[in-house]
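> need the 3D shape of this:
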Amino acid sequence: MTSTTYTLTHDNLNALLRALVAAGKQLHAPQRVGPKVFFKPVNDAATIVFDYVQTAESPKSLLFPKAEFLVSYRQNSEGMVVTDHLQKEIPEMILFGSRPCDAAALSRFVQFFADGHADAMVTQRRRALTIISMSCIASDPACFCTSCGSSPGDTTGSDLLLTPISNGRYLVDVVTEKGQSLVAANEALFEQAPTIVKDSYLATVEAVFTPEEITKRLATSFNDPIWKNASLRCIGCGACAYVCPTCSCFTIEDEGNDRTGDRLRCWDSCAFALFTVHTTGHNPRPTQTERWRQRVMHKFSYLPETNHFLGCVGCGRCSRACPADMNLKEQIIAIAELLPAIG
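Next up, the predicted model:
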(Lines give C-alpha, C1' and ligand atoms only; values in the text may rest on other atoms or scores of the structure.)
Protein backbone atom coordinates (compact mmCIF):
# COMPACT_ATOMS: atom_id res chain seq x y z
CA MET A 1 0.00 0.00 0.00
CA THR A 2 1.03 3.64 -0.44
CA SER A 3 2.40 5.10 2.79
CA THR A 4 0.20 7.83 4.32
CA THR A 5 1.04 10.21 7.16
CA TYR A 6 -0.74 11.67 10.17
CA THR A 7 0.24 13.54 13.30
CA LEU A 8 -0.38 12.39 16.85
CA THR A 9 0.01 14.20 20.15
CA HIS A 10 1.79 12.54 23.05
CA ASP A 11 -1.45 12.54 25.05
CA ASN A 12 -3.28 10.85 22.19
CA LEU A 13 -0.44 8.36 21.83
CA ASN A 14 -0.89 7.36 25.46
CA ALA A 15 -4.64 7.13 24.85
CA LEU A 16 -3.98 4.86 21.87
CA LEU A 17 -1.77 2.57 23.94
CA ARG A 18 -4.33 2.43 26.74
CA ALA A 19 -7.02 1.56 24.19
CA LEU A 20 -4.91 -1.30 22.83
CA VAL A 21 -4.42 -2.73 26.32
CA ALA A 22 -8.14 -2.31 27.09
CA ALA A 23 -8.95 -4.20 23.88
CA GLY A 24 -7.11 -7.24 25.25
CA LYS A 25 -3.98 -6.98 23.12
CA GLN A 26 -0.63 -7.86 24.66
CA LEU A 27 1.43 -4.65 24.66
CA HIS A 28 5.22 -4.94 24.81
CA ALA A 29 7.14 -1.69 25.18
CA PRO A 30 10.39 -0.27 26.58
CA GLN A 31 10.63 -0.45 30.37
CA ARG A 32 13.52 0.67 32.54
CA VAL A 33 15.18 -2.00 34.68
CA GLY A 34 18.01 -0.41 36.66
CA PRO A 35 20.25 1.51 34.24
CA LYS A 36 19.03 -0.39 31.16
CA VAL A 37 15.85 -0.52 29.07
CA PHE A 38 14.13 -3.76 28.03
CA PHE A 39 11.00 -4.66 26.08
CA LYS A 40 8.50 -5.98 28.63
CA PRO A 41 4.73 -6.55 28.86
CA VAL A 42 2.92 -3.32 29.75
CA ASN A 43 -0.36 -2.83 31.57
CA ASP A 44 0.07 0.87 32.31
CA ALA A 45 1.17 3.13 29.43
CA ALA A 46 2.54 5.62 31.95
CA THR A 47 5.46 3.26 32.69
CA ILE A 48 6.72 3.24 29.08
CA VAL A 49 10.20 4.74 28.59
CA PHE A 50 10.82 7.14 25.71
CA ASP A 51 14.26 8.63 26.47
CA TYR A 52 16.61 5.87 25.31
CA VAL A 53 18.88 5.22 22.37
CA GLN A 54 18.47 1.46 22.24
CA THR A 55 17.10 -1.31 24.43
CA ALA A 56 19.56 -3.79 25.94
CA GLU A 57 17.89 -6.74 24.19
CA SER A 58 16.09 -6.91 20.89
CA PRO A 59 12.35 -7.69 20.53
CA LYS A 60 13.21 -10.90 18.64
CA SER A 61 11.87 -13.06 21.47
CA LEU A 62 8.31 -12.04 20.58
CA LEU A 63 8.69 -14.09 17.40
CA PHE A 64 11.30 -16.55 18.64
CA PRO A 65 11.24 -17.12 22.43
CA LYS A 66 14.49 -17.92 24.22
CA ALA A 67 12.98 -21.30 25.11
CA GLU A 68 9.67 -22.70 23.87
CA PHE A 69 7.85 -25.99 24.16
CA LEU A 70 7.35 -27.88 20.91
CA VAL A 71 5.84 -31.16 22.12
CA SER A 72 4.96 -32.51 25.59
CA TYR A 73 3.82 -35.94 26.72
CA ARG A 74 2.23 -37.01 30.01
CA GLN A 75 1.25 -40.47 31.22
CA ASN A 76 -2.07 -40.57 33.09
CA SER A 77 -4.60 -43.23 34.08
CA GLU A 78 -6.07 -43.25 30.56
CA GLY A 79 -2.78 -43.54 28.73
CA MET A 80 -0.24 -41.23 27.13
CA VAL A 81 -1.40 -37.68 26.35
CA VAL A 82 0.67 -35.83 23.73
CA THR A 83 0.39 -32.05 23.38
CA ASP A 84 1.50 -30.39 20.14
CA HIS A 85 2.34 -26.81 21.16
CA LEU A 86 2.54 -25.76 17.52
CA GLN A 87 -1.27 -25.88 17.45
CA LYS A 88 -1.80 -23.38 20.25
CA GLU A 89 -3.50 -20.07 19.54
CA ILE A 90 -1.26 -17.01 19.29
CA PRO A 91 -2.70 -13.89 20.99
CA GLU A 92 -2.66 -10.49 19.29
CA MET A 93 0.45 -8.58 20.29
CA ILE A 94 1.61 -4.97 19.92
CA LEU A 95 5.30 -4.11 19.87
CA PHE A 96 5.71 -0.44 20.67
CA GLY A 97 8.89 1.62 20.66
CA SER A 98 11.10 -0.62 18.55
CA ARG A 99 13.72 1.26 16.59
CA PRO A 100 13.71 1.17 12.77
CA CYS A 101 16.74 -1.13 12.83
CA ASP A 102 14.78 -3.59 14.98
CA ALA A 103 11.75 -3.55 12.68
CA ALA A 104 14.03 -4.10 9.69
CA ALA A 105 15.75 -6.93 11.57
CA LEU A 106 12.45 -8.66 12.35
CA SER A 107 11.54 -8.41 8.67
CA ARG A 108 14.79 -10.14 7.69
CA PHE A 109 14.36 -12.65 10.53
CA VAL A 110 10.93 -13.66 9.24
CA GLN A 111 12.28 -13.95 5.69
CA PHE A 112 15.04 -16.26 6.94
CA PHE A 113 12.59 -18.57 8.72
CA ALA A 114 10.25 -18.53 5.72
CA ASP A 115 12.93 -19.86 3.39
CA GLY A 116 12.25 -23.43 2.27
CA HIS A 117 9.88 -25.02 4.79
CA ALA A 118 8.47 -22.02 6.65
CA ASP A 119 8.69 -22.08 10.44
CA ALA A 120 5.08 -22.22 11.63
CA MET A 121 5.59 -20.54 15.00
CA VAL A 122 7.61 -17.58 13.68
CA THR A 123 5.12 -17.08 10.85
CA GLN A 124 2.07 -17.21 13.14
CA ARG A 125 3.59 -14.85 15.69
CA ARG A 126 4.44 -12.28 13.03
CA ARG A 127 0.87 -12.39 11.76
CA ALA A 128 -0.34 -11.74 15.30
CA LEU A 129 2.13 -8.90 15.87
CA THR A 130 1.63 -5.22 15.05
CA ILE A 131 4.84 -3.19 15.11
CA ILE A 132 4.71 0.48 16.09
CA SER A 133 8.27 1.73 15.78
CA MET A 134 9.84 4.99 16.91
CA SER A 135 12.34 6.84 14.73
CA CYS A 136 15.74 7.66 16.22
CA ILE A 137 16.35 11.29 17.10
CA ALA A 138 19.56 10.36 18.95
CA SER A 139 22.31 7.80 18.46
CA ASP A 140 25.54 6.71 20.11
CA PRO A 141 28.95 5.57 18.80
CA ALA A 142 27.81 1.93 18.61
CA CYS A 143 25.10 2.69 16.03
CA PHE A 144 25.87 1.97 12.37
CA CYS A 145 22.45 1.32 10.81
CA THR A 146 23.19 3.41 7.70
CA SER A 147 26.09 1.09 6.88
CA CYS A 148 23.76 -1.92 6.92
CA GLY A 149 20.88 -0.79 4.74
CA SER A 150 18.67 0.79 7.40
CA SER A 151 18.40 4.35 8.73
CA PRO A 152 17.08 6.31 11.74
CA GLY A 153 13.74 6.83 9.95
CA ASP A 154 13.46 3.60 7.93
CA THR A 155 9.90 2.29 7.65
CA THR A 156 10.90 -1.27 6.63
CA GLY A 157 9.22 -3.88 8.80
CA SER A 158 7.06 -1.42 10.74
CA ASP A 159 3.29 -1.22 10.53
CA LEU A 160 3.38 2.30 11.93
CA LEU A 161 6.46 4.48 12.34
CA LEU A 162 6.34 7.44 14.74
CA THR A 163 8.85 10.27 14.46
CA PRO A 164 9.05 12.76 17.35
CA ILE A 165 8.70 16.29 16.00
CA SER A 166 8.06 19.63 17.72
CA ASN A 167 5.66 20.47 20.56
CA GLY A 168 5.22 16.92 21.89
CA ARG A 169 3.86 15.60 18.62
CA TYR A 170 4.70 12.69 16.36
CA LEU A 171 4.66 12.29 12.62
CA VAL A 172 3.01 8.94 11.88
CA ASP A 173 3.94 6.95 8.78
CA VAL A 174 1.25 4.34 8.06
CA VAL A 175 3.23 1.65 6.29
CA THR A 176 0.97 -1.41 6.02
CA GLU A 177 -2.69 -2.37 5.88
CA LYS A 178 -2.38 -3.61 9.45
CA GLY A 179 -1.19 -0.15 10.46
CA GLN A 180 -4.01 1.50 8.52
CA SER A 181 -6.54 -0.70 10.30
CA LEU A 182 -5.15 0.38 13.66
CA VAL A 183 -5.44 4.05 12.67
CA ALA A 184 -8.97 3.55 11.34
CA ALA A 185 -10.06 1.93 14.60
CA ASN A 186 -8.77 4.95 16.54
CA GLU A 187 -9.20 7.71 13.95
CA ALA A 188 -10.30 10.34 16.48
CA LEU A 189 -6.78 10.34 17.91
CA PHE A 190 -5.03 11.10 14.61
CA GLU A 191 -4.85 14.31 12.56
CA GLN A 192 -3.96 14.77 8.91
CA ALA A 193 -0.29 15.70 8.61
CA PRO A 194 0.88 18.96 7.06
CA THR A 195 4.00 18.91 4.90
CA ILE A 196 6.80 17.93 7.26
CA VAL A 197 10.42 17.16 6.39
CA LYS A 198 10.98 14.11 8.59
CA ASP A 199 14.72 13.89 8.00
CA SER A 200 15.33 17.19 9.80
CA TYR A 201 14.27 15.56 13.08
CA LEU A 202 16.30 12.36 12.75
CA ALA A 203 19.65 11.43 14.27
CA THR A 204 22.68 11.64 12.00
CA VAL A 205 24.42 8.28 11.66
CA GLU A 206 27.34 8.43 9.25
CA ALA A 207 27.84 5.43 6.96
CA VAL A 208 31.30 3.95 7.53
CA PHE A 209 31.22 1.11 5.00
CA THR A 210 28.95 -0.36 2.33
CA PRO A 211 27.54 -3.89 2.60
CA GLU A 212 28.42 -4.64 -1.01
CA GLU A 213 32.10 -3.81 -0.47
CA ILE A 214 32.33 -5.90 2.71
CA THR A 215 30.68 -8.89 1.03
CA LYS A 216 33.12 -8.65 -1.88
CA ARG A 217 36.15 -8.42 0.40
CA LEU A 218 35.00 -11.39 2.51
CA ALA A 219 34.55 -13.61 -0.56
CA THR A 220 38.24 -14.57 -0.62
CA SER A 221 39.09 -14.14 3.07
CA PHE A 222 38.23 -17.56 4.56
CA ASN A 223 41.86 -18.51 5.25
CA ASP A 224 43.16 -15.00 5.88
CA PRO A 225 45.24 -14.51 9.08
CA ILE A 226 43.06 -11.51 9.95
CA TRP A 227 40.63 -13.82 11.76
CA LYS A 228 43.13 -14.90 14.41
CA ASN A 229 43.98 -11.33 15.38
CA ALA A 230 40.32 -10.28 15.23
CA SER A 231 39.23 -13.06 17.60
CA LEU A 232 41.90 -12.78 20.29
CA ARG A 233 39.60 -10.99 22.76
CA CYS A 234 36.58 -13.25 22.18
CA ILE A 235 35.75 -15.39 25.24
CA GLY A 236 32.88 -17.29 23.58
CA CYS A 237 30.22 -16.07 26.01
CA GLY A 238 27.52 -15.68 23.33
CA ALA A 239 26.32 -12.31 24.65
CA CYS A 240 26.47 -10.85 21.14
CA ALA A 241 24.10 -13.52 19.79
CA TYR A 242 21.66 -13.21 22.66
CA VAL A 243 21.15 -9.47 22.19
CA CYS A 244 21.24 -9.58 18.38
CA PRO A 245 17.90 -9.05 16.57
CA THR A 246 18.84 -11.28 13.62
CA CYS A 247 20.78 -14.23 15.12
CA SER A 248 18.78 -17.41 14.58
CA CYS A 249 20.85 -20.30 15.98
CA PHE A 250 18.89 -22.75 18.11
CA THR A 251 19.10 -26.25 19.57
CA ILE A 252 16.42 -28.85 20.29
CA GLU A 253 16.45 -30.27 23.82
CA ASP A 254 14.55 -33.32 25.11
CA GLU A 255 13.83 -33.50 28.84
CA GLY A 256 11.91 -36.21 30.67
CA ASN A 257 11.52 -39.92 31.24
CA ASP A 258 9.19 -42.73 30.16
CA ARG A 259 6.15 -41.08 31.80
CA THR A 260 6.52 -37.36 31.25
CA GLY A 261 8.68 -35.10 29.14
CA ASP A 262 9.05 -32.14 26.86
CA ARG A 263 10.81 -31.20 23.66
CA LEU A 264 11.99 -27.60 23.64
CA ARG A 265 13.60 -25.24 21.18
CA CYS A 266 16.19 -22.99 22.83
CA TRP A 267 18.45 -20.22 21.63
CA ASP A 268 22.02 -21.23 20.85
CA SER A 269 25.08 -19.47 19.47
CA CYS A 270 27.82 -20.25 16.97
CA ALA A 271 30.17 -18.60 19.50
CA PHE A 272 29.79 -21.57 21.85
CA ALA A 273 32.50 -24.24 21.75
CA LEU A 274 29.93 -27.08 21.76
CA PHE A 275 27.76 -25.64 18.99
CA THR A 276 29.37 -27.62 16.16
CA VAL A 277 30.70 -30.66 18.04
CA HIS A 278 29.80 -33.83 16.14
CA THR A 279 28.72 -37.05 17.83
CA THR A 280 32.15 -38.41 16.90
CA GLY A 281 33.75 -35.73 19.05
CA HIS A 282 35.14 -33.87 16.02
CA ASN A 283 34.64 -30.09 16.05
CA PRO A 284 35.10 -28.33 12.68
CA ARG A 285 35.38 -25.00 14.54
CA PRO A 286 37.71 -25.91 17.41
CA THR A 287 38.85 -22.39 18.38
CA GLN A 288 37.32 -18.96 18.77
CA THR A 289 39.09 -17.93 15.57
CA GLU A 290 36.89 -20.22 13.48
CA ARG A 291 33.80 -19.32 15.49
CA TRP A 292 34.31 -15.56 15.20
CA ARG A 293 34.95 -15.97 11.47
CA GLN A 294 31.69 -17.90 11.15
CA ARG A 295 29.73 -15.13 12.90
CA VAL A 296 31.07 -12.38 10.66
CA MET A 297 30.98 -14.42 7.45
CA HIS A 298 27.42 -15.58 8.06
CA LYS A 299 26.13 -12.06 8.56
CA PHE A 300 28.13 -10.25 5.90
CA SER A 301 28.90 -12.91 3.27
CA TYR A 302 26.80 -16.08 3.43
CA LEU A 303 23.38 -14.49 4.00
CA PRO A 304 23.86 -11.82 1.29
CA GLU A 305 24.85 -14.58 -1.14
CA THR A 306 22.08 -17.06 -0.30
CA ASN A 307 19.21 -14.93 1.02
CA HIS A 308 20.07 -11.57 -0.54
CA PHE A 309 20.05 -9.57 2.66
CA LEU A 310 22.60 -8.66 5.31
CA GLY A 311 22.46 -10.49 8.63
CA CYS A 312 23.13 -7.28 10.53
CA VAL A 313 21.18 -4.03 10.86
CA GLY A 314 23.78 -2.02 12.75
CA CYS A 315 21.84 -1.74 16.00
CA GLY A 316 25.11 -1.86 17.97
CA ARG A 317 23.83 -4.11 20.75
CA CYS A 318 26.62 -6.67 20.34
CA SER A 319 29.28 -4.00 20.83
CA ARG A 320 27.51 -2.56 23.88
CA ALA A 321 27.02 -5.99 25.46
CA CYS A 322 30.44 -7.54 24.82
CA PRO A 323 32.43 -7.90 28.06
CA ALA A 324 35.67 -8.00 26.05
CA ASP A 325 34.92 -4.90 23.94
CA MET A 326 34.63 -6.78 20.64
CA ASN A 327 33.27 -3.82 18.68
CA LEU A 328 31.68 -5.21 15.50
CA LYS A 329 31.61 -1.88 13.68
CA GLU A 330 35.31 -1.33 14.28
CA GLN A 331 36.10 -4.89 13.22
CA ILE A 332 34.18 -4.56 9.96
CA ILE A 333 35.97 -1.29 9.21
CA ALA A 334 39.29 -3.03 9.86
CA ILE A 335 38.28 -5.88 7.55
CA ALA A 336 37.43 -3.38 4.82
CA GLU A 337 40.85 -1.80 5.18
CA LEU A 338 42.95 -4.97 5.45
CA LEU A 339 41.34 -7.39 3.00
CA PRO A 340 41.90 -6.89 -0.72
CA ALA A 341 38.91 -5.90 -2.83
CA ILE A 342 37.85 -8.09 -5.74
CA GLY A 343 36.22 -7.06 -8.99
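
> mean confidence for stretch 260-273?
Model confidence over stretch 260-273 averages 96 on the pLDDT scale.

> for that stretch, how far is the first residue from the last?
Counting by CA to CA, to the nearest Å, the length from the leading to the trailing residue of stretch 260-273 is 31 Å.

> now do the strands in the stretch 151-300 of the chain.
Taking DSSP state E, counting those that start in this stretch to define them, one finds strands in the stretch 151-300 of the chain at 160-164, 169-174, 191-192, 250-256, 260-267.

> determine which of these shows the lowest mean per-residue pLDDT.
Taking the mean pLDDT of those, strand 191-192 comes last: a mean of 90.

> is it possible to get TSV of the strands of the stretch 151-300 of the chain that adds distance to residue 330 and mean neighbour count?
Bear in mind the C-beta positions are built from the backbone N, C-alpha and C, glycine included. Converted to TSV, those look like this (distance: least, CB to CB, whole Å; neighbours: other CB atoms under 10 Å):
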stretch	distance to residue 330	mean neighbour count
strand 160-164	29	23
strand 169-174	32	22
strand 191-192	44	11
strand 250-256	29	12
strand 260-267	26	16
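
> got those as CSV, with distance to residue 231 columns?
Output for the strands of the stretch 151-300 of the chain, formatted as CSV (distance: least, CB to CB, whole Å):
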stretch, distance to residue 231
strand 160-164, 37
strand 169-174, 41
strand 191-192, 53
strand 250-256, 23
strand 260-267, 22
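
> what's the closest of these to residue 335?
Taking CB to CB as the measure, these were each checked against residue 335, and strand 260-267 came out nearest at 26.4 Å.

> quick one: strands adjacent to that closest one?
Paired with strand 260-267 in the same sheet, following DSSP bridges, are strand 67-76 (antiparallel), strand 250-256 (antiparallel).

> below-threshold pLDDT in this structure: ranges please.
Low-confidence segments of the chain, defined by pLDDT under 70, are located at 1-3, 341-343.

> re earlier: out of the strands of the stretch 151-300 of the chain, which is closest to residue 239?
Proximity to residue 239 (CB to CB) singles out strand 260-267 among those, at 11.9 Å.

> for residue 131, which of the strands of the stretch 151-300 of the chain is the nearest?
Between the strands of the stretch 151-300 of the chain, strand 160-164 lies closest to residue 131; by CB to CB that is 7.6 Å.

> may I have the strands that pair with the closest one, each with its orientation?
Using DSSP bridges, the neighbouring strands of strand 160-164 in the sheet come out as strand 129-134 (parallel), strand 169-174 (antiparallel).

> wait, which of these is closest to residue 259?
Proximity to residue 259 (CB to CB) singles out strand 129-134 among the strands paired with strand 160-164, at 36.5 Å.

> what does the closest one rub up against?
Outside of strand 129-134, the residues that reach it under the criterion CB atoms under 8 Å, 6 or more residues apart in numbering are 25, 50, 62-63, 92-100, 102-103, 106, 157-164, 178-179, 182.

> now the strands paired with strand 160-164 as a markdown table including distance to residue 266?
Below are the strands paired with strand 160-164 laid out as a markdown table (distance: least, CB to CB, whole Å):
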| stretch | distance to residue 266 |
| --- | --- |
| strand 129-134 | 21 |
| strand 169-174 | 36 |
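
> for residue 33, which of the ones you listed is the nearest?
Closest approach to residue 33 among those is made by strand 129-134 (18.7 Å; CB to CB).
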